[in-house]
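[1] sequence and predicted structure are below.
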Protein chains: 6
Amino acid sequence: MVRIDGREPLQLRQIHIETNYLKHPEGSVLISVGDTKVICTATIEDRVPHFMRGEGKGWITAEYSMLPRATESRNVRESSKGKVSGRTMEIQRLIGRALRAIVDLPALGEKTVWIDCDVIQADGGTRTASITGAFVAMTLALNELAEKRAMKFPITDFLAATSVGILEDNTTILDLNYPEDSSAKVDMNVVMTGGGEFVELQGTGEESTFSYNQLHELLNAAQAGLSELFEHQRIALGADITEKIEERRMKK
Amino acid sequence: MVRIDGREPLQLRQIHIETNYLKHPEGSVLISVGDTKVICTATIEDRVPHFMRGEGKGWITAEYSMLPRATESRNVRESSKGKVSGRTMEIQRLIGRALRAIVDLPALGEKTVWIDCDVIQADGGTRTASITGAFVAMTLALNELAEKRAMKFPITDFLAATSVGILEDNTTILDLNYPEDSSAKVDMNVVMTGGGEFVELQGTGEESTFSYNQLHELLNAAQAGLSELFEHQRIALGADITEKIEERRMKK
Amino acid sequence: MVRIDGREPLQLRQIHIETNYLKHPEGSVLISVGDTKVICTATIEDRVPHFMRGEGKGWITAEYSMLPRATESRNVRESSKGKVSGRTMEIQRLIGRALRAIVDLPALGEKTVWIDCDVIQADGGTRTASITGAFVAMTLALNELAEKRAMKFPITDFLAATSVGILEDNTTILDLNYPEDSSAKVDMNVVMTGGGEFVELQGTGEESTFSYNQLHELLNAAQAGLSELFEHQRIALGADITEKIEERRMKK
Amino acid sequence: MVRIDGREPLQLRQIHIETNYLKHPEGSVLISVGDTKVICTATIEDRVPHFMRGEGKGWITAEYSMLPRATESRNVRESSKGKVSGRTMEIQRLIGRALRAIVDLPALGEKTVWIDCDVIQADGGTRTASITGAFVAMTLALNELAEKRAMKFPITDFLAATSVGILEDNTTILDLNYPEDSSAKVDMNVVMTGGGEFVELQGTGEESTFSYNQLHELLNAAQAGLSELFEHQRIALGADITEKIEERRMKK
Amino acid sequence: MVRIDGREPLQLRQIHIETNYLKHPEGSVLISVGDTKVICTATIEDRVPHFMRGEGKGWITAEYSMLPRATESRNVRESSKGKVSGRTMEIQRLIGRALRAIVDLPALGEKTVWIDCDVIQADGGTRTASITGAFVAMTLALNELAEKRAMKFPITDFLAATSVGILEDNTTILDLNYPEDSSAKVDMNVVMTGGGEFVELQGTGEESTFSYNQLHELLNAAQAGLSELFEHQRIALGADITEKIEERRMKK
Amino acid sequence: MVRIDGREPLQLRQIHIETNYLKHPEGSVLISVGDTKVICTATIEDRVPHFMRGEGKGWITAEYSMLPRATESRNVRESSKGKVSGRTMEIQRLIGRALRAIVDLPALGEKTVWIDCDVIQADGGTRTASITGAFVAMTLALNELAEKRAMKFPITDFLAATSVGILEDNTTILDLNYPEDSSAKVDMNVVMTGGGEFVELQGTGEESTFSYNQLHELLNAAQAGLSELFEHQRIALGADITEKIEERRMKK
């Protein structure tokens, strides 16, 4: 089988992570996964949401949006509609939850990290690209904060995400682009740590189902792709920060 | 280990499914899973949403809500807030997607099934109870419709859902109640067909992660619980409808 | 004349009040008036709204809602519409105002009682059933509070509500069900105390009018029905609480 | 007893009705009831709302608003709040319902009359002044329409509204101004036809109740005030239109 | 050329400013510019918005609205739509900004002046009439405040606004009414001080453009009209207040 | 005087226009004006808004937004707030109006051009950069459309925008960056055609005013800057398209 963009079933698309893409944010990244491009920024705020005050730990929250012409046909802005869609909320909650799994929140102290993922161009996998890119933006911001305030480095492991799926002909594929995503009968997002632990697993049969064996095949495919993504993150963050993360993971 | 309500780690709570609970809806159920009680209704509308017109197939959509005092402390109504929360949207999308996996949508024709899940009392697992109950309410409604209109019976398999989780002490447990759900470090919802295929798998580490082995243990626990839930559904639906479902599954 | 459900013109429907219907709320009731079923809960909050702070008296506020399939055809959720309808607001204000007439608000102190009336099944008279049921739920909650905090028992009289109407053929009827309510030319809701005083009187000609004599007939019919409703409330609350209420009424 | 503005208990405030107050609307009025001033306009639209299409009859609907400084202290605009308050909705529904009682809707045909009542200055009784003024604005608009289109004159009777109340000292008073309205323990709005029939009766004990005898006294007071208001409407509308209305009433 | 209402190209419409039009506001005016009629009120609040606290200076903010039948055909209320239109926001921001240019905000101290401009009848030029009228209402309110609190008189100059435009035949006209405004190819609003300085200049080609020379002609026309408007403001405010304003201007 | 970024008073910032920046839109541009970066896209839709149907001419409408971290401190998304701010609406209306002045709308036919301007990074002048960039994106889209459909080329002239201002020390400056924009006492946006005609002129004294002479100086400064901007547009669009535009201008 050859995929519509010429890839092998278990081949990732071209990955590019440009750090410090914007001048204002504490951390920022432009991540490209094939034609999917997302600007991820991290903003540090010196307080936590109301429901967490006084607990002595930090919080991480995310927002996700698409430019109207990130997509093939123009999508109406959520600001014009006056409300955020269910899909957007689902993605935002996922990004925040995933990042919280690899941050030492008590070490962070009563601060909030705001993650913004704005999709400039979409070709499938925007939520997984957002997580992979947001990890880098957040790490840049928190590393600088840790240095400036002589605070403990709070990132405890790498974190990346990718998608896997099963096509109509039962092929298992890695890193679905938009046409693949639309036609796949099973679609699974996997968020994993650099240490190989699952953070989030979301597998869905679209008017379809999948067996125990297929689940295994999907997870293996995901793992292979994630190893590559961690390598891209290491390069983007540089040796110093990579070392700090590895050190913290070792101590867990 | 003994659980706070005295159950064994892999024991379901008391299940009760009362069919035809309300007089107006085409199908209705009051499902109790321990102290969690949900009214599930199914409404059949003779058209599909705009984006599906002319495709000759049906649609299933779900709404989910909680009474303000379904919970320990009063939660503000979403109608008063003027918007539906991200959590609610996530659950609504999950219920609809899950049910669509076991309905022969072309056989249904251009009709929409509206599922309403209203939580009267909450003690954890409201989304999985909603799916398990909604399946019964929808099946009752579609069975009647199929008979009245001499239409092909469109349900192709049983469908139920449960939760599994990992506690701080690493015990794997089945069917989490609210206190367990709040304290578990890993939480997974599993939606499965009567034939043992996955429809949806959502595993989440809450500021935590889980290994490949733990995933296996969780899935085994879920499968045991789901077998029992299917038995409850069979009893609630009766022999006739059960047979129709089994017949359709065989032909897949 | 025989009514469509076989009742005499001045006969109430079957009344049933199930107390402590839910486990979480401070007071709760499932009230059935014929096929109309409403879950009424009372929640006590230890503060009053902003505009009442420092006055040393309590407040009672109500919210009312219907499940989507409480009705013959599915009604859209107000949370999906993003706003509460005028009809809902009118009913909510009526319930709160009515209950405030029989509570000694200074004795209650700076607390708010939140009343939630959720209609599970509707067949006319949902607002009057809500008031009658909410009175019981609130009394249960405030009685327990009074005992626990050694506070003065704050309920000063019974309170119930019913509807009366005039049909096209000029018959005066009591306790209208939905088809009667839709076709009546005059429709009146009467809220009364156990002592026989009016709390609220809302009479409306629907594209029609009514005379002074008809008003009298309507009020007499209402009074007869209300006496019966008070009897149901007494039974539901039990002798102890009934006695406390009668005592407080005597002292007025 | 002398009232704060020097009136007798059963004396109306100064009434003034200025017709054709604005140049654009089909009918318009500036009504003053003491210091309460309301601009009432009537707009005729050549269709009915969706739920009434094909029934061959007309519809009347009303909107009500206050200028921010109609009141002592500035009230926030409902357009800024993004939603209409419960009080506003209640009043709007009341005005529309009341006017529908004295219009021959089938004679009107599939048209909607939009009534707009905008309170320029408020000193109590804005909803009753709105009804009394709106009747005149609507009659002017419908008279012109009937003439232009050689349609049957559709107004079947006069319609006016006033308020009555019971003060703390048990005096019954007519036409409450704002300070009286705030302190009265019982407050009743009465909408009546020129023929002396009730259209709407809304009596409310504000944390208080009222007896059967007090109800009678209130209704008598209202009736006296309404007779005067009908006289003002007759003068404002002129002899011709008055005659047409009386004629239609006679034929009922 | 004769204009549709018989005016000369550079002739203003009939101006009338009625002060103290309402009894509740600190300052109020009914301004008529031809058939355009606007109620302008000024409300003084003893605090500033959150973002200005502690700066020791005042703030002026404006709201603008139209009655539904201020216009030829009925416009839907913004409160019903649940949001304020872009046009309304633009006008509100303009009114506030313009007034802030001629108030000594530090002399005012931490107070907010709320300006409300409610268009009762519209025939073009509602925003410029609003500014001209609001200036008078605000000056009345601030003059009284200054006297009562022995505060420095804070108005530093007169302020008025008018519109100018270019018709299809290239005539430059002053003070456009609604039909002229709809057909003009260029439309410009000019806000000026009594001392002849610009405060705001908004010139727009409607699917058209204008040259440098045309700009000059437009500005000359505006200046002539504004001189007249200042004269009307002087008369409305009276000699005393006029003198105070002139004095403050001299000292700038 | 030297400006904070080292520029001369009448010097533009560095301009860069990258065409075809995104793969999906019919026309797209990334424009940089110093550190201000805006993605402008043009989408062509084959119908016009409801109010324009049947007029046989096209429509151009614009939306504008900022990424949350386009700015120094994070700004809350308008989709989260559930409404679009007045500032955003003002800018959107300005962009659409300006572009409509140089498009032959009847030649376009019943089509809508949707312009989206998304500010990636903000440093003052985002609305003028949006207009300048949107012109290029729209021209690319309409040129392609005209070629594909053998339609008349509908762009009748170049269009660009810039800002000018007066600092506290009375220096007139061109192309204000954010710190200059915040401190300037007068601020003017000028939108002009390649032929030197004004399309829009918005001059505002911020708690300040400006004289006739200052107006002249501002306009001269603007004109100089705009000439340079047109040169950048010509280069970005290339010789072919530039020629088509010049041809159409000649024929006006």
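    Right, received. Where do you want to start? Numbering: from 1, shown residues only, chains lettered A, B, ... in the order given.

[2] give the helix, strand or coil label for A:Cys40.
    Per DSSP: H, G, I helix; E, B strand; the rest coil, the secondary structure class of A:Cys40 is strand.

[3] quickly find the element holding the spatially closest residue to it that is not a sequence neighbour.
    Leaving out its chain neighbours, the residue that sits closest to A:Cys40 by Cβ to Cβ, 6 or more residues apart in numbering or on different chains is A:Gly133, at 3.9 Å. In short, each C-beta sits where N, CA and C put it, glycine included. Here A:Gly133 sits within helix A:126-148, counting by DSSP states H and E.

[4] how about A:Arg13?
    Per DSSP H and E, A:Arg13 falls between elements, in no helix or strand.

[5] which residues touch it?
    Taking Cβ atoms under 8 Å, 6 or more residues apart in numbering or on different chains as the definition of contact, the neighbours of A:Arg13 are A:Asp5, A:Arg7, A:Val33, A:Gly34, A:Asp35, A:Thr36, A:Asp175, A:Asn177.

[6] one more time with 6 Å
    A:Val33, A:Gly34, A:Asp175 (Cβ atoms under 6 Å, 6 or more residues apart in numbering or on different chains).

[7] kindly report the same for A:Lys37.
    Applying Cβ under 6 Å, 6+ apart to A:Lys37 gives the contacts A:Ile120, A:Gln121.

[8] now do the same for it: its pLDDT.
    A:Lys37 is assigned a pLDDT of 98 by the prediction.

[9] just to revisit the earlier point, my guess is the residue nearest to A:Cys40 contacts A:Leu30, does it?
    No. Look at A:Gly133 against A:Leu30 with Cβ atoms under 6 Å: they stay out of range, at 7.7 Å.

[10] the more surrounded of the two?
    Ranked by neighbour count (other Cβ atoms under 10 Å in any protein chain shown), A:Gly133 and A:Leu30 place A:Gly133 first, with 33 against 19.

[11] quick one: the more buried one from A:Ala42, how far?
    In this view, A:Gly133 and A:Ala42 are 10 Å apart by Cβ to Cβ, to the nearest Å.

[12] list of residues touching stretch A:139-146?
    For stretch A:139-146, contacts defined as Cβ under 6 Å, 6+ apart pick out A:Glu26, A:Gly27, A:Ala42, A:Ile44, A:Phe153, A:Pro154, A:Ile155, A:Leu237, A:Ile241.

[13] secondary structure for the contacts of A:Arg13 - can I get that in CSV?
    What follows is the contacts of A:Arg13, written out as CSV (three-state DSSP):
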residue, secondary structure
A:Val33, strand
A:Gly34, coil
A:Asp175, coil
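
[14] need the nearest residue in space to A:Gln14, chain neighbours excluded.
    Nearest non-adjacent residue to A:Gln14, counting by Cβ to Cβ, 6+ apart: A:Gly34, 5.8 Å away.

[15] need the contact list for that neighbour.
    A:Gly34 makes contact with A:Arg13, A:Gln14, A:Asp123 under the criterion Cβ under 6 Å, 6+ apart.

[16] the strands in the stretch 101-250 of chain A, which residues?
    For the stretch 101-250 of chain A, the strands defined by DSSP state E, counting those that start in this stretch occupy A:112-121, A:159-166, A:172-174, A:186-193, A:198-205.

[17] how close does whatever residue of chain A ends up closest to chain D sit to A:Ala62?
    Taking Cβ to the nearest Cβ, chain D has its nearest neighbour within chain A at A:Gly82, 9.2 Å off. Distance of A:Gly82 to A:Ala62, computed by Cβ to Cβ: 21 Å.

[18] the two: which is more packed in?
    Counted by other Cβ under 10 Å, A:Gly82 and A:Ala62 do not tie: A:Ala62 has more neighbours, with 25 against 19.

[19] before we move on, the earlier item: just the pLDDT at the residue nearest to A:Cys40, thanks.
    With respect to pLDDT, A:Gly133 has a value of 98.

[20] got it, and A:Gly86?
    We have a pLDDT of 86 for A:Gly86.

[21] distance check, it against B:Leu159.
    Distance check for A:Gly86 against B:Leu159: by Cβ to Cβ, it reads 21 Å.

[22] the more surrounded of these two?
    A side-by-side neighbour count of A:Gly86 and B:Leu159, using other Cβ under 10 Å, places B:Leu159 first with 31 against 16.

[23] what sits opposite that one in the beta ladder?
    In this structure, B:Leu159 bridges to B:Thr193 when assessed by DSSP bridges.
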